[in-house]
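> Can you look at this prediction? I've put the sequence above it.
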Amino acid sequence: MGKGECWVAFRGNVSLGTVTVAAPHAVPEGYPAPATAGSFWQLAVDPSERGTRLGQRLLALAEERIAALGSAQVVIDTSAQATELVGWYRRRGYVPVGTWRWDVTNYESVVLSNALLAR
């Protein structure tokens, strides 16, 4: 949360989803993304909200904030084994641009990108 804007979706006093946004987003040398790209992470929705489009609304919010912060491209990464999630992003215009292995994980990540100005 300390590295970006953290947005939380509530219904009453109950948190239902979250996303953290930064633009530009600092990445390590060699990461397959331009230095000017924005990013989001920790996009999460309570399982009880599946099918309500809350995830899509949080994604749209993240993309809007990244564009407002001046980035024309968004880049994200997730576990390469999370094929359902990768498919969810691909259906929303994200394209795989490479892979990355973070030193704090035990899996390879797929890096996905989406151009924001083309909308």
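Thanks, I have the structure now.

> which stretches of the protein form helices?
54-68, 83-90 (DSSP state H).

> I'd like to check the angle between the last one and helix 54-68, please.
When axes from the mean of the first three to the mean of the last three Cα atoms, to 10 degrees is applied, the directions of helix 83-90 and helix 54-68 differ by 50 degrees.

> hmm, who's touching helix 83-90?
55, 76, 78-80, 96, 110, 112 (Cβ atoms under 8 Å, 6 or more residues apart in numbering). Heads up, the C-betas are built off the backbone N, CA and C, glycines and all.

> quick one: pLDDT of the spatially closest residue to S71 that is not a sequence neighbour?
Take S71 and drop its neighbours on the chain: the residue closest to it by Cβ to Cβ, 6 or more residues apart in numbering is G38, 3.5 Å away. Note on G38: pLDDT of 95.

> What count of nearby residues applies to R90?
Neighbours of R90 under the rule other Cβ atoms under 10 Å: 14.

> Could you report the pLDDT at it?
For R90, pLDDT reads 97.

> now do R50
R50 carries a pLDDT score of 89 in this model.

> Please apply the same query to the one 5 residues further on.
Reported pLDDT at G55 in the predicted model: 95.

> Who are the contact partners of it?
17, 43, 45, 49, 88.

> can you pull the contacts of the closest residue in space to Q56 that isn't next to it in sequence?
Once flanking residues are discounted, Q56 sits nearest to R92: 7.5 Å by Cβ to Cβ, 6+ apart. Shown in contact with R92 (Cβ under 8 Å, 6+ apart): 56, 59, 114.
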